[in-house]
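1. model this:
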Amino acid sequence: MAIRFSKKTLDFIQKASRQKKPEWLDKNRDEYLDVLVEPSRALMRDVSILLRNTHAKEVSRYRFPDRGIARIRRSATRAAAQGWYKDWIGIQAARDSGSLYEELPALYFHIAPGKENVFSAGGLYLPSSQQLRRIRNWVAQDARPLEQLLADSYFKKLYPDLGKERQVKTFPRGFPKDHPKIEWLKLTGFYVWRPIPNRQFFSPHFAETLAADWRQVLRLNAILDLWVSKEVESVRDARVPDPRVAERKATEWDW
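-> Numbers count the residues shown, from 1 in each chain. The predicted model follows:
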């Protein structure tokens, strides 16, 4: 029988979040392994194989977690303020940025009880100030790579727009309020996410679903990789994207 998630997975997370004693997990470790850890480990193994079969070069630097996966108990330091157990599980396939202060665009999967609380995601959720400045400057100068991606039928079927949960309340400093891409410039994170219905989450074929989602996220990450690695001039006085900016070509994809 395939190792997969089920309603028991969500029930276990919900039950764990209500516990007040750290030893609770030790007494329920078999169930924890069965409904959460092993399905998570199997998912990452299968997804990594599927992605490497089709996008070996693009995912070569991504680390798909195996050990320490699906941790639900908090450290004693955090437990004092937040409780011993989380009410969610996050699994990330990330790359080494070479910095303690910056992350690279990643692939993300989230599990929690409740409506739209199981979702696939990716991109750059917490860019550094330097990364954010570079991305905004690119968006202000020439947003065509991002526009084309979000207009692509394969991509927008899953991710119709960038996540809007993280953005400044007013306007970003250094950019005109009437800039045509002001809504993107207000973002403080550049990422996408989509809720996954239970029928997909509980399916024995869920690895294929998540792999398909993450193939699209890799396209976004390729653009962000380019933008955070190259500086552009300040666009304090820009009103429209500068047509003189040289055409840039992101990584080509074969879908």
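2. List the contacts of the helix or strand of the chain with the lowest mean pLDDT.
-> Least confident helix or strand of the chain, by mean pLDDT, DSSP states H and E, is helix 76-82 with a mean of 92. Residues from elsewhere that reach helix 76-82 (CB atoms under 8 Å, 6 or more residues apart in numbering): 22, 74. All C-beta atoms are positioned from the backbone trio N, CA, C, and that covers glycine.
3. Recalculate using a threshold of 7 Å.
-> Helix 76-82 has contacts (CB atoms under 7 Å, 6 or more residues apart in numbering) with residue 74.
4. after it, next one along is what?
-> strand 89-93 (DSSP states H and E).
5. what packs against that next one?
-> The helices and strands touching strand 89-93, judged by 3 or more CB pairs under 7 Å, 6 or more residues apart in numbering; DSSP states H and E, are strand 106-111.
6. could you give me the average pLDDT of the strand it packs on?
-> Strand 106-111 shows a mean pLDDT of 98.
7. Helices of this structure, residue ranges please.
-> 7-17, 24-27, 29-32, 38-54, 56-59, 76-82, 129-141, 144-151, 153-158, 182-185, 198-201, 206-229 (DSSP state H).
8. Lowest average pLDDT across those helices?
-> Minimum mean pLDDT among the helices of the chain: helix 76-82, a mean of 92.
9. Could I get the CA-only coordinates of that helix as PDB?
-> Extracted in PDB, the C-alpha atoms of helix 76-82 (Å, rounded to 0.1, in the frame of the first residue of the first chain):
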ATOM      1  CA  ALA A  76      11.500  24.900  25.000                       C
ATOM      2  CA  THR A  77      12.400  28.500  24.200                       C
ATOM      3  CA  ARG A  78       9.600  29.000  21.700                       C
ATOM      4  CA  ALA A  79       7.200  26.800  23.600                       C
ATOM      5  CA  ALA A  80       7.100  29.400  26.400                       C
ATOM      6  CA  ALA A  81       5.400  31.900  24.100                       C
ATOM      7  CA  GLN A  82       3.700  29.700  21.500                       C
END
